[in-house]
Each structure stands twice: as structure tokens, then as C-alpha cells.
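Kindly generate the corresponding structure for this input.
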Amino acid sequence: MNINIDSAIFIGFLLINLAVGLFCSRNVKNIREYAIGDRNFSTATLVSTIVATWVSGSFVFNRLSETYTNGLYYVWTSTGAVLSLLCIGFIFAPRMGRFLGKLSIAEAMGELYGEKIQIISSAASVIAAAGRIAVQFKVTGLLFEYCFNVDGTYGVIVGAFVVTLYSSLGGIKSVTFTDVIQFITFTTIIPIIAFFMLNEMNGFQGVIDTLSSHPSFNYQEVFDFTRPKSFYYLFLFFYMIAPSFDPPMFQRISMARNVLQVQRAFVISGIVYLFLCLIVMWMAVLILSTNPNLVPKDITKHMLFNYSYIGLKGLTLAGIMAMVMSTADSYINCAAVTLTHDFCKPLKLNLSKNELTSSRFTSFLIGLFSLMIALKGQSLLKTL
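So this is what the prediction gives:
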């Protein structure tokens with residue numbers, strides 16, 4: 001294992017998150033505090049945890065490779081995810097007052113449709129969450145390979161241990177306040193990387209030539225929906241624009257003080273997310289302008305080893321790790337709460353009479369199960 005400034009920065013970031021997460025785990029007294037806290041979070045905190053959860057570990061990998069390969073096709077399609085957040089804020093949030101304070105989306109479904117639907121919703125939530133968590137753990141393995149030049153298995157295990165430990169003990173308070181740290185980390189580092197990449201360019205002529213001559217940036221072809229490729233991306237846009245009410249997003253709504261705060265938080269989150277997307281996709285354009293023959297799956301690695309100075313590489317890896325942790329911890333917490341409260345409780349399968357104790361134990365089990373999936377060695381898509 002190679003220990004240098006970059007690896008020290010990366011390790012330090014992990015330790016800071018672990019320390020903050022464990023510190024916030026104090027004084028959690030019941031399942032409600034574990035699931036949605038005291039519902040006294042500021043709008044800025046909600047924005048941080050919404051964006052941090054939405055931006056997963058594959059955010060940089062996917063947007064760099066897809067923009068590099070498909071250009072404007074993917075750039076305009078990605079706005080669908082932004083519109084999804086805005087749609088929640090403007091259309092759905094004002095109508096969700098009755099669900100504020102619910103511990104999970106399964107509980108809300110149970111209130112509407114009965115206990116059987118609550119159990120089914122809980123089971124579906126946990127199954128989906130395990131895959132999402134496992135994908136984040138696998139990305140951790142890649143980051144350890146890039147940082148320490150070791151087998152990614154070690155990274156998967158270490159990342160799983162850190163995230164599972166603080167999210168299991170502290171619940172939503174640990175998740176939320178580490179999300180704030182992680183949000184600040186990647187929203188600061190991504191623009192810095194883009195600046196250094198732009199600084200390496202010898203003028204804008206290469207970028208102008210790429211945008212004007214590359215077929216993937218020919219807007220007349222991109223928006224000609226009689227073409228199969230354009231038609232495909234049109235449907236991908238419709239898929240992305242569909243509002244997402246997966247367990248963590250519902251939880252972010254439920255933990256707000258009122259519907260006005262939900263509305264503001266999701267609208268601001270959509271704007272921040274658009275800003276991040278545009279910067280990462282701009283980075284892909286810069287790479288394409290200078291290195292048009294790279295293998296798409298290696299673009300992130302190329303960025304790390306060709307544009308990062310000493311120290312900046314560690315910060316970049318910490319930024320991507322922040323995206324990994326902020327998504328994984330949210331899914332662990334939501335899955336544990338719904339499994340304990342909405343599945344085991346109705347079926348009288350609780351591991352303890354205390355729901356808080358059961359949720360913490362269940363969190364460890366979910367983290368362990370997701371770790372086992374991640375260690376099977378399949379690709380990110382197959383893992384999901």
C-alpha cells in the first residue's frame with residue numbers, strides 16, 4: 001500500500017466522517033428519532049442531504065463516460081433528472097402534508113391501502129436498497145485501487161465498515177450531518193478539478209472545434225427524433241423526468257417541518273444538481289477535446305492521473321467517496337427502519353422488544369448483506 005499526501009487526505013476524510021457520524025449517534029432515544037430525527041432541520045441541511053443522496057458514487061463515472069461517448073445526446077437527456085427534482089418541489093410537495101412525520105414510505109402506503117401493502121412495500125424497498133448499497137461499496141473498491149494501488153476488495157470492506165457503523169448507530173442524524181460534510185466536499189472539489197483541467201488547455205480552440213465538428217454535438221441530428229439514437233434518448237429523458245419517491249427521497253420529505261420547506265428544498269436541490277451535472281459534463285468535453293481516443297470506462301481514471309496535482313488527486317477521490325457514502329448511508333438507514341417497523345413488526349418478527357435496538361441490528365445485517373453482494377465481483381450494473 002502506498003501512503004502519500006493523496007492517500008493521507010483520503011484516509012483523513014474517512015476518519016472525519018466516521019467521527020462525526022459516531023458523535024451524532026448520541027442521545028438517539030427511539031425509532032422516530034432514528035428514522036426522521038426531531039424534524040427541526042434547516043432548509044440548507046435538507047438541500048445538502050437531498051443532493052448528497054441523489055448524487056451517488058457512479059455520478060462522475062457515468063456522466064464523464066456518457067458525455068464523452070454520446071455528447072449532446074446525453075447532455076440534454078440529463079436535464080430530465082433536474083426536472084424530476086423540480087417536479088417534486090413544485091407539483092408533489094404542496095400535496096404531501098399528510099405524510100410529513102411518517103417513518104417510511106411503506107408506512108404511508110400502509111395507511112392508504114392496508115397492512116399487506118405496507119409489508120409488500122417494505123420488502124420491495126429493502127431488496128432495491130441492498131442493490132444500491134452494494135453498488136456504492138463496489139465504487140469504494142475502485143477508489144481504493146486508484147488511491148492505494150491495492151486489490152479493490154480491501155476498499156469494499158473498509159468502505160462498508162465505516163458507512164455501516166455510523167449509519168447503524170446514529171440513524172438519520174448521523175446520516176444527515178455526514179451528508180452535509182460530504183455535500184460541501186464534492187460541491188467544492190468538482191469545480192476546482194474543472195478549473196485545473198481548463199487551466200491545462202492551450203486555449204479554447206480545441207473545445208470550439210469539438211463542439212462544432214463532432215457528430216455527437218450536432219444539434220440537428222441530436223434533436224431529429226426520426227433517428228433511432230435520438231428516439232432512444234428521448235425515451236431515456238422521459239424515464240429520468242419521472243419523479244422518484246424511493247425510500248430516501250420520501251424520508252427527506254417526511255423529516256421536513258412543513259410542505260413549504262419541502263418545496264424550497266427540492267427546488268434548490270434541482271438547481272444545485274444542474275450546476276454539478278453541467279460542470280462534470282463540461283469536464284468530459286475538455287477531455288474529449290484533448291484525448292478523443294480514450295476507452296470510455298477509463299475516463300475517470302485518466303482524469304485522476306493526468307489532471308490532478310499532488311494533493312488534488314486525494315481531494316478528488318475524497319469528493320467521489322463523499323458521493324458514495326452519502327448515498328449508501330441513506331439507503332442503509334431507510335432499509336433498516338422499514339424492515340423493522342413495516343415488515344417485522346406487523347409479522348411479529350422483531351429481534352427485540354425495542355424497535356430502536358432492532359433497527360440498529362438490522363442496519364448491520366443490511367450492510368453485511370450488501371457487502372456480500374458487492375464482493376461477488378460482478379460489474380456495477382449486474383450488482384444493481
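
so how far is Thr210 from Trp282?
According to CB to CB, to the nearest Å, Trp282 and Thr210 sit 12 Å apart. C-betas here are computed from N, CA, C, even on glycine.

go on, Ala106?
From Ala106 to Thr210 the distance is 48 Å (CB to CB).

Settle it for me: which of those two has more neighbours?
More neighbours surround Ala106 than the other of Ala106 and Thr210, with 29 against 18 (other CB atoms under 10 Å).

which residues of the chain fall in strands?
Remark: no strands are assigned in the chain by DSSP state E.

most remote residue from it's center?
Gln205 (34.6 Å; CA atoms, centre = their mean).

the bottom helix or strand of the chain by mean pLDDT?
The weakest-scoring helix or strand in the chain, judged by mean pLDDT, DSSP states H and E, is helix 380-383 (a mean of 69).

What about the residue nearest to Phe364 when sequence neighbours are not counted, how many residues nearby?
Distance criterion CB to CB, 6 or more residues apart in numbering; nearest residue to Phe364, sequence neighbours excluded, is Ser168 at 5.2 Å. For Ser168, the neighbour count with other CB under 10 Å is 25.

Now do the helices for the stretch 51-200 of the chain: every range, in order, please.
59-70, 72-87, 105-113, 115-148, 152-200 (DSSP state H, counting those that start in this stretch).

Determine which of these approaches Leu365 most closely.
Ranking the helices of the stretch 51-200 of the chain by proximity to Leu365 (CB to CB) places helix 152-200 first, at 9.4 Å.

what angle do that closest one and helix 59-70 make?
If you take axes from the mean of the first three to the mean of the last three CA atoms, to 10 degrees, helix 152-200 sits at 60 degrees to helix 59-70.

so what's the residue nearest to Phe364 up against?
Ser168 sits next to Ile332, Ala336, Arg360, Ser363, Phe364, Gly367 when contact means CB atoms under 8 Å, 6 or more residues apart in numbering.

could those be laid out in a markdown table, adding neighbour count, distance to Cys147 and pLDDT?
What follows is the contacts of Ser168, written out as a markdown table (neighbours: other CB atoms under 10 Å; distance: CB to CB, whole Å; pLDDT from 0 to 100):
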| residue | neighbour count | distance to Cys147 | pLDDT |
| --- | --- | --- | --- |
| Ile332 | 30 | 23 | 93 |
| Ala336 | 29 | 29 | 93 |
| Arg360 | 23 | 30 | 91 |
| Ser363 | 26 | 27 | 92 |
| Phe364 | 16 | 26 | 93 |
| Gly367 | 26 | 22 | 93 |
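
Tell me the one of the residues you listed nearest Thr383?
Nearest to Thr383 among the contacts of Ser168, counting by CB to CB, is Gly367 at 15.0 Å.

Tell me how far the closest residue to that closest one other than its chain neighbours lies from Thr340.
With CB to CB, 6+ apart as the criterion, Gly367 has its nearest non-adjacent residue at 3.1 Å, and that residue is Thr164. Thr164 sits at a distance of 16 Å from Thr340 (criterion: CB to CB).

which residue packs closest to His269, ignoring adjacent ones?
Just to correct that, residue 269 is Ser rather than His. Ile50 (4.3 Å).

Number of residues surrounding that neighbour?
Residues near Ile50, counting by other CB under 10 Å: 28.

How about the contacts made by it?
Counted by CB under 8 Å, 6+ apart, Ile50 has contacts Leu85, Met249, Arg252, Ala265, Phe266, Ser269.

cool, Ile88 as well?
Contacts of Ile88 by CB under 8 Å, 6+ apart are Pro243, Ser244, Phe245, Met249, Ile253, Phe266.

Identify the residue with the minimum pLDDT among those.
Here the lowest pLDDT out of those sits on Ser244, with 78.

Could you give the number of residues near Lys345?
Lys345, neighbours per other CB under 10 Å, totals 17.

Mind pulling up the pLDDT for it?
89.

so it sits right up against Ser359, yeah?
No: checked against CB atoms under 8 Å, the pair Lys345 and Ser359 is beyond contact range at 10.5 Å.

roughly how far apart are the residue nearest to Ser269 and Val135?
19 Å.

Spatially, what comes nearest to Asp246 if we skip its sequence neighbours?
Ala128 (7.1 Å).

and the one you found, how many neighbours does it have?
Ala128, neighbours per other CB under 10 Å, totals 15.

separation between it and Thr357?
25 Å.

And Ala19, by the same measure?
Ala19 is 23 Å from Thr357, by CB to CB.

again with Ala242
Distance from Ala242 to Thr357, by CB to CB: 37 Å.

from what I can see Leu276 touches Thr187, true?
Yes: if you go by CB under 8 Å, Leu276 and Thr187 touch, sitting 6.8 Å apart.

between those two, what contacts are shared?
In contact with both Leu276 and Thr187: Val51, using CB under 8 Å, 6+ apart.

where are the low-confidence patches of this structure?
Applying pLDDT under 70 to the chain picks out residues 1-3, 308, 351-352, 377-381, 384.

Leaving out chain neighbours, which residue sits closest to the residue nearest the centre of it?
By CA atoms, centre = their mean, the mean C-alpha position of the chain lies nearest to Ser56, the distance being 2.3 Å. Excluding the flanking residues, the one nearest Ser56 by CB to CB, 6+ apart is Thr327, at 4.1 Å.

quick one: buried residues of stretch 16-29?
Using 16 or more other CB atoms under 10 Å as the burial criterion, the residues of stretch 16-29 that qualify are Asn17, Leu18, Val20, Gly21, Cys24, Ser25, Val28.

Check the contact between Ser174 and Arg26; I expect there is one.
No: judged on CB under 8 Å, Ser174 makes no contact with Arg26 at a distance of 9.7 Å.
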